[in-house]
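Undergrad: need a structure here:
(chains A, B and C)
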Amino acid sequence: MYTPHTKKDKEEMLKTIGAASFEELVKQVPAKFLWPKINLPAESLDEAQAAARMAGLAAKNCRPLSFLGAGAYERYTPAAVKAITSRTEFLTAYTPYQPEASQGTLQAIYEFQSTVSALYAMDCANASMYDGASSFAEAVRATVRVTGRKKIVYSAGVNPQYMDTLKTYFAHSPEYTYVKVPMNNGVMDQAALPALLEGAACLAVQTPNFLGLIEDMNGVADLVKKAGALLVAAADPVSLGILAAPGEYGADFAVGEGQSLGLPLAYGGPYLGLFSCKKEHVRQMPGRITGLTKDKDGKRGFVLTLQAREQHIRRDKAASNICSNEALCALAATVYSALYGPEGLKELAEANAGAAAYTAERLSSIKGCSLKFKGPFFNEFVLSVPGKAAALREKALARGVDIGLPLAPLFPELGETLLVCATETKTEADILKLEAAIKEAI
Amino acid sequence: MPKPEEVKYTKTHEWISAGAEVAVGISDHAQHEMGDVVFVELPKVGAKLEKEKPCAVVESVKSAFDIYSPVSGEVTAVNDAVTGEPALLNQAPLDGGWMFRLKPSNPAEAEALMNWTAYQEFIKQSAH
Amino acid sequence: MNCAPAIDNRLSIEKSDPGRRGLWCKNPLRAKASIPAALRRKSALRLPELSEFDVVRHYTRLSRLNFSVDTHFYPLGSCTMKYNPRFNEEAAALEGFAALHPLAHDSSAQGTLELIHDLSARLVELCGLDAITLQPAAGAHSEFTGLLLAKAYFEAKGENRTEIVCPDSAHGTNPATASMMGFNTVNLASKPDGRLDVEELKKHIGPKTAVLMLTIPNTLGIFESNIEAIAKAVHDAGALFYMDGANLNALIGMVKPGDFGVDLMHLNFHKTFSTPHGGGGPGAGAIVCSKQLAPFLPVPLVKKSGSGYVSDFGDGRSIGKVKAFFGNTGVLVRAYAYMLAHTPEEFADIARCAIINANYVRSRLLDIYPSYSKEYCMHECVLTPGADMTGKGLRTLDVAKGLLDRGFHAPTIYFPTIVHEAIMIEPTETESKATLDEFVAAMRDVHDSGMADPQALKDAPHTMPVKRLDEVQAARQPNLHW
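TA: The predicted model follows:
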C-alpha cells in the first residue's frame, strides 16, 4: 500500500474541505454501487513476501540455451544502458507537455530520431511506436493515405505477425486487398513485381526477411516508383551495421523492431517501433515528433512539434489514434547506439552474421539436416530436419537447449523445418552444444 | 490584389474572388483567429471540389482547420508559395496568401455568398 | 536541476570525435561473416563516437533537465502521475522474466504464464466483469482493441452498426480511434454540470449505434450519477457500453464497473496500476469485458491446464492479433507486483485518498481559481484563472509556467476543451498533505505575484534550463534530427 494519509490526516482534510465524511464527497455515485464485495486475497504481501513470490515465479521460467529469433533477438544489455534508463528523472517523467521542464526527455527523443534516421539512412523519424508490427502497419496505412489506393502488395518474407497486425488494423475495411509476392528460393520473386504492382499503394518488404534471408533490393524501388506505388521496408536495425540501408535503396518508409537495440526480450514487450520516412511524407508520420528550436533568448531548446496531426487536436481526423510512445525504450536504444557507435554497430552486425554462418555450417553437417535455402542470410536461417521439428524441439528442451522455432504452423510449404537464430551472444561452445542437442534429439 | 470589399465570403471564413476563374483563400479575420499558420495542404490541380466540402487544411501550432470550398468546381491552379511559406496566409491573406484557383461549375453558387458588409455583420453576430 | 551545467547544451553527435570508442563487440565468430558486397551498406553510419563515460555523463546531464514524479509534484490531470514503487522495477528486472523469449515454449514460460493468469483473474474481479486481454500496448491501443471486439460482436450477430457515440468531454483518443476503425463519431454536448445529457443520448442512439464510449469519472472529474439510466438507454438500443478506464484510480475498490452495466472497458497500467510513464511510455493496456464479448478477444490468452498453464488460441472467433507476441509483459510484471501489495480494502484506500486529495486542493483554491463544476469532484478538478487575472491578460499558460518556477510541474492545461482556459489538477492518492499545502501556496503565490506584476508572469519561466520556446519556427521549418 502506497497511500500516505493517517486517519488524522484524512479527518483534517475533510474538515478543510467542509465535508462531514468521505461519503459526502462521493454522493454523486449511486449508493447501491458503493463498496461491493471483492473476492481477492484478504491479506496483501509485505515487500519481502512479495519479493519471494516474484522470485519464485521468475524461477519457474526455464532458461534454456536459446536459438530463437523470428523477430525478437537475444542481446546483451550494457550496464550503462541500465544505469541511464533507471535514472528516475527519465523513468518517472511523463510526456514532455511542458517543454521547459522536460528538456532532458525532449533532447533524448531528438537524439533517438537522429539515431533512427542515421541507421535507416532516411530523412526523418518519429519518437517511436509500440513495436515493429505497429510501425509496419502504420507505414502501410500512410501509403494508402498518400496514394489513395487500397491494394497492398507484400513480400512473402514479411514477418507473419506483422501481416496479422496490419490486417487487424484494416479489419474494418473490406475494400483493402492483399497481394503476396511469391517466394523464389526464400526471397521475393522480383520477376513477378511489375504485374503485381499495378494499382498498388505500396510494396512492403522485410529484409533480412522472416526466414533470415537478405533480399536484394537493387532496382526494386524503380519498379515500385514506375507503378506509382511507395516502398515500405522493414529491417532489423542491428543488421544495418553492415547491410544496405532502406534510404540507400530508395524506400519511402522504413520501419523496424527496436528491441534489437539492446532491449530485454521480456516475453514480447515493451518493445520499440522504429518509424522513418522521406521528407515529403513527414506529416504522414503518426505519433509524437520532437523538433529543435530556440527559446526567446535565442538559446537552443526542444519541443514536441507537428502536433496538429495528432489525436488530441485532430480527434476523428487524426493520422492515428496513438497517444503514447515508448520513450524509455527509445532512450535505451539511443544510449545503446551511442555506446557502440558506428564501429561497434558494425562489429555487432558482423558477430551476428558470423555466429549464424558458423551455426549453419555446423548444423548442415548433421546427417539428415540441411539448409533449406542457398541465399545469403543475416543472423538466422531455415534448417530442414529429419522427423517432426516440434518433437525435436521438445526433446532438446528437456536437455536445456531451445533449438529454434518449428516453421510448419506458419509455412507448411517448407516442410519440417526450424528457424534457427544465433546472435552475438553465442559462442563457439554454445553452437557446439546446439549441434550435440540436435544430434541427440534425432 | 483584390480589396476585402471586392470578394465574397463564406460562413466558414473563406473568401472567393469574382470572375469565370476564381481565387480562394481565408479571410483576414480567419488568419487572425488561427494565429501563426505553420502548414498548408492544398488540393491537387484538376481536383473536382464540391461546395462546402473540406478541400484543404491549414495548421497552426496547436490546431488544424479544414478549409471548405466556397463553390463547386475544378481546381485550375494552386499557390505553391504558401506551402513553402505558410506565413503568407497571415501576412497577406487576400494577396500572396491566396490558396487555389477554381473554375466554378455553377456560377450561381457564388452569388449566394456574403458580401463584405454582410460578412462584417456575420462576424459581429458570431462574437456573441 | 539547478546544479545542471548550463553552458553545455550540445547534442551527443557534437561531442563526437572520430575513432573514440565506448563499447566493443569482440566475439571471434565475426570472422565467419561473409555478406556479399552488393548487399552491404555503402553510406557512413552517422552515429556519435564517444567514450562510455562521455555517454553516461551526457545522458545523466539530460536527466537533470527533467521534472519527474520522484523529484517534483506532478499534478497532471488525467495522467495519474503517482508514485511508482521501486519494488515493481526490481521485480521486472529479474532475469527469469526479462530474458524470456516471446516464442519460448509454454513449458519454458510457466512463471510468466501463471503471472498473466493470476493478474487477469484479479483484474476481472476488480472490474466486476468476466474476461480480459492484456495484449494492448497502451490505453489508445486498448480502445482500438475494444472497438474491434464490438465490431466482431455485432458482425457475429448480423448487425451493421456504424456509429460511436461519445461526449464532447471525451479524451481525443476516443474519436480518433473510432475514425481509425471506420466508425462515424456522434458527439454529444455535455450538460452545464458537465454530465452526459440522458435525453440527448436517447435522441442520438439507435439501431446504428455500436458503442457509447464514456470516461468514468469524466474528464471534469465528475461521476455520471445517472449511470443506470445511461446504461439502460445504451442497452435498450442494443448497443454496448464502453468505459474509458483512464481514471479508474478514482473508483478502484469502491465500485465495480460491471455492476453499473459496463460491457467492456480499458485499463491503463501506467495510470491506475503504478507502472512508470518513462517520459511517455511504455505503457500497457487491457480490455476487460463481459461474457458475450469474450470469444472475440485477441489471442493468445492463458488458461490453466492440469498443473500448468498453456497459451490458448481460442475457437477461431478471435479478432486476431493487435500486437506481435503477447503484449507488454514487462509492464504486466510491475502491475502484478503492485497487485500483490493490496487487499480489496487497500485498493479502496487508493480511491479514497485520490478523491480527498483532489477535493482538498480544490477547496483551498476555489476563492481565487473558480471551478467549472460547483460540486465536489472525484479524483481531479478543473479550475480556471479568475476574472481578476484574465482582466490583466493572464492566462492558464502563464499560471502553468509560473508553477514551474516554483518547483511544481504544471497541471494539464486547456483540456478538457469544453472548459475555457482549463487547469486540470490531479494530485493522485500518493501525495501527502504537506506536499499539497506547498502546492496550494505556490498556486496562490502565482496568483498574487501575477496580479502585482503581470508581465513577469507572462515571461515565466525564469529559472528553467530554457525560456518559452519558439514553437512556430519548430513547426514551420521542422528540424527533426542532427
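Undergrad: and stretch B:89-96 with chain A, contact?
TA: No: against chain A, stretch B:89-96 shows no contacts by C-beta under 8 Å from any C-beta of the partner chain, the least distance being 14.3 Å. The C-beta positions use only the backbone N, C-alpha and C, and glycine is treated the same way.
Undergrad: hang on, I meant stretch C:330-345
TA: Yes: using C-beta under 8 Å from any C-beta, stretch C:330-345 reaches chain A at C:Gly330, C:Val331, C:Val333, C:Tyr336, C:Ala337, C:Leu340, C:Ala341, C:His342, C:Thr343, C:Pro344.
Undergrad: helix/strand/coil for the fifth one?
TA: In three-state terms, and counting by DSSP: H, G, I helix; E, B strand; the rest coil, C:Ala337 is helix.
Undergrad: and the pLDDT at it?
TA: With respect to pLDDT, C:Ala337 scores 98.
Undergrad: show me the chain divided up by domain.
TA: Chain wasn't specified; assuming chain A. A:65-76+A:341-441, A:79-335 (automatic domain parsing).
Undergrad: sorry, should have said chain C
TA: According to automatic domain parsing, the ranges for chain C are C:87-340, C:344-472.
Undergrad: so which of the residues of stretch C:330-345 next to chain A are in helices?
TA: Counting by DSSP state H, those place C:Gly330, C:Val331, C:Val333, C:Tyr336, C:Ala337, C:Leu340, C:Pro344 in helices.
Undergrad: for the chain, which strand is longest?
TA: Going with chain A. Assignment by DSSP state E gives strand A:200-206 as the longest strand of chain A.
Undergrad: let me rephrase: I mean chain C.
TA: The longest strand of chain C (DSSP E) is strand C:209-215.
Undergrad: wait, does it make contact with chain A?
TA: No: Strand C:209-215 stays clear of chain A (C-beta under 8 Å from any C-beta), getting no nearer than 10.8 Å.
Undergrad: pairing partners for that strand, with directions?
TA: Applying DSSP bridges, strand C:209-215 is found paired with strand C:163-167 (parallel), strand C:240-244 (parallel).
Undergrad: which residues does A:Lys426 contact?
TA: A:Phe67, A:Ala355, A:Thr359, C:Leu29 (C-beta atoms under 8 Å, 6 or more residues apart in numbering or on different chains).
Undergrad: do the same with A:Thr423
TA: A:Gly69, A:Tyr73, A:Glu74, A:Arg75, A:Ala351, A:Asn352, A:Ala355, A:Asn379.
Undergrad: and which of the residues you listed is nearest to A:Thr293?
TA: Nearest to A:Thr293 among these: A:Arg75, at 34.5 Å, using C-beta to C-beta.
Undergrad: ok, now how distant is the closest one from chain C?
TA: Going from A:Arg75 to chain C by C-beta to the nearest C-beta, to the nearest Å gives 10 Å.
Undergrad: with adjacent residues omitted, what lies nearest to that residue?
TA: A:Gly262 (5.1 Å; C-beta to C-beta, 6 or more residues apart in numbering or on different chains).
Undergrad: which helix or strand contains the one you found?
TA: Following DSSP states H and E, there is no helix or strand that holds A:Gly262.
Undergrad: quick check: it touching A:Ala330?
TA: No: the criterion here is C-beta atoms under 8 Å, and A:Gly262 misses it with A:Ala330 at 11.8 Å.
Undergrad: these two: which is more packed in?
TA: Ranked by neighbour count (other C-beta atoms under 10 Å in any protein chain shown), A:Gly262 and A:Ala330 place A:Ala330 first, with 34 against 23.
Undergrad: element containing that one?
TA: Per DSSP H and E: helix A:327-363 holds A:Ala330.
Undergrad: just for the chain, where's the confidence low?
TA: This is for chain A. By pLDDT under 70, the low-scoring segments of chain A are A:309-320, A:322-324.
Undergrad: actually it's chain C I care about, not the one you picked
TA: For chain C, the stretches flagged by pLDDT under 70 are C:1-7.
Undergrad: up against chain B, what does it have?
TA: When proximity is defined as C-beta under 8 Å from any C-beta, chain C approaches chain B at C:Glu471, C:Val472, C:Ala475, C:Arg476.
Undergrad: look up how far chain A lies from C:Lys203.
TA: Counting by C-beta to the nearest C-beta - C:Lys203 and chain A are separated by 20 Å.
Undergrad: tell me, how many residues neighbour that residue?
TA: 10.
Undergrad: which element is whichever residue of chain B sits closest to chain C on?
TA: Nearest residue of chain B to chain C (C-beta to the nearest C-beta) works out as B:Val38 at 3.7 Å. Using DSSP H and E, B:Val38 falls within strand B:37-41.
Undergrad: just the mean pLDDT for the first helix or strand past that strand going along the chain, thanks.
TA: Next in sequence after strand B:37-41, counting helices and strands by DSSP H and E, comes strand B:48-49. Computed over strand B:48-49, the mean pLDDT rounds to 95.
Undergrad: give the pairing partners of the next helix-or-strand element following strand B:48-49; include direction for each.
TA: As assigned by DSSP H and E, the chain's next helix or strand after strand B:48-49 is strand B:54-60. According to DSSP bridges, strand B:54-60 forms sheet pairs with strand B:37-41 (antiparallel), strand B:64-68 (antiparallel).
Undergrad: what mean pLDDT does strand B:54-60 have?
TA: Per-residue scores along strand B:54-60 average to 91.
Undergrad: for the contacts of A:Thr423, work out which two are farthest apart.
TA: Checking those with C-beta to C-beta, the most distant pair is A:Gly69 and A:Ala351, at 14.1 Å.
Undergrad: now the strands paired with strand C:209-215 in a markdown table, with mean neighbour count?
TA: Listed next are the strands paired with strand C:209-215 as a markdown table, based on neighbours: other C-beta atoms under 10 Å in any protein chain shown:
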| stretch | mean neighbour count |
| --- | --- |
| strand C:163-167 | 25 |
| strand C:240-244 | 26 |
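Undergrad: could those go into a markdown table alongside distance to C:Leu403?
TA: Shown next, in a markdown table, are these (distance: least, C-beta to C-beta, whole Å):
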| stretch | distance to C:Leu403 |
| --- | --- |
| strand C:163-167 | 29 |
| strand C:240-244 | 27 |
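Undergrad: which of these sits closest to A:Lys388?
TA: A:Lys388 lies closest to strand C:240-244 among the strands paired with strand C:209-215, at 44.0 Å (C-beta to C-beta).
Undergrad: tell me which parts of chain B are close to chain C?
TA: Going by C-beta under 8 Å from any C-beta, the residues of chain B near chain C are B:Asp36, B:Val38, B:Phe39, B:Glu59, B:Val61, B:Lys62, B:Pro86, B:Ala87.
Undergrad: can you tell me how far the first one sits from B:Leu89?
TA: To B:Leu89, B:Asp36 is 9 Å away according to C-beta to C-beta, to the nearest Å.
Undergrad: so between the two, which is more surrounded?
TA: Using other C-beta under 10 Å as the criterion, B:Asp36 and B:Leu89 rank with B:Leu89 on top: 26 against 18.
Undergrad: correct me, but the more buried one touches B:Ser27?
TA: No: taking contacts as C-beta under 8 Å, B:Leu89 lies outside contact range of B:Ser27: 10.5 Å.
Undergrad: pLDDT weak spots in chain B?
TA: Residues of chain B that meet the cut-off, pLDDT under 70, sit at B:128.
Undergrad: could you pull out the helices for chain B?
TA: B:28-34, B:80-84, B:88-91, B:108-111, B:116-126.
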